[in-house]
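>>> Sequence and predicted model, in that order:
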Amino acid sequence: MTVSSYRVVGMACGHCAGFVAEEIERIPGVTAVAVDVERDTATVTSDRPLDIAEVRAAVEEAGYELPEPRPSPG
């Protein structure tokens, strides 16, 4: 089982969170999704590691943005 958190930009309410969760839940292997609008995050539990492109496509389908991760300083 894999648990990953993603930053989602543009959500403003519970309806937004519902749209994002619904699209991510359609990804094969996803077993649970918890979206936190206040923290702009989606935490995804899956039975396999997910490709970031799959998650990004689902978030964009819902009408929101999954920004590119920032490189670590160093």
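Received the coordinates, thanks. Just so we're clear, the structure is a prediction, and the values are computed from it rather than from any experiment. Residues are numbered from 1 along each chain as shown.

>>> list the buried ones in the longest helix that the chain contains?
Across the chain, the longest stretch assigned as helix under DSSP state H is helix 14-25. For helix 14-25, burial by neighbour count (16 or more other CB atoms under 10 Å) applies to 16, 17, 19, 20, 21, 23, 24. For every residue, glycine as well, the C-beta is placed using N, CA and C.

>>> if I look at the fourth one, how far off is residue 32?
So the one you mean is residue 20. Distance, residue 20 to residue 32, by CB to CB, to the nearest Å: 13 Å.

>>> now the longest helix of the chain, how far from the chain's geometric center?
Computed by CA atoms, centre = their mean, to the nearest Å, the chain-centroid distance of helix 14-25 equals 9 Å.

>>> Identify the residue spatially nearest to residue 4, adjacent ones excluded.
Spatially, and ignoring its direct neighbours in sequence, residue 4 is nearest to residue 44 (5.3 Å; CB to CB, 6 or more residues apart in numbering).

>>> among the buried residues of helix 14-25, which two are most distant?
16 and 24 (12.8 Å; CB to CB).

>>> Identify the contacts common to the two.
Residues touching both residue 16 and residue 24 (CB atoms under 8 Å, 6 or more residues apart in numbering): residue 62.

>>> and the residue nearest to residue 4, what does it touch?
3, 4, 5, 6, 24, 30, 32, 33, 50, 55.

>>> Kindly recompute the last result at 6 Å.
4, 24, 30, 33 (CB atoms under 6 Å, 6 or more residues apart in numbering).

>>> Can you tell me, leaving aside adjacent residues, what's nearest to the third one?
Meaning residue 30. In space, residue 30 comes closest to residue 46 once its chain neighbours are excluded; the distance is 4.8 Å by CB to CB, 6+ apart.

>>> Surely the one you found and residue 2 touch.
Yes - at 5.1 Å, residue 46 counts as touching residue 2 under the criterion of CB atoms under 6 Å.

>>> Between those two, tell me which one has more neighbours.
residue 46 (20 against 13; other CB atoms under 10 Å).
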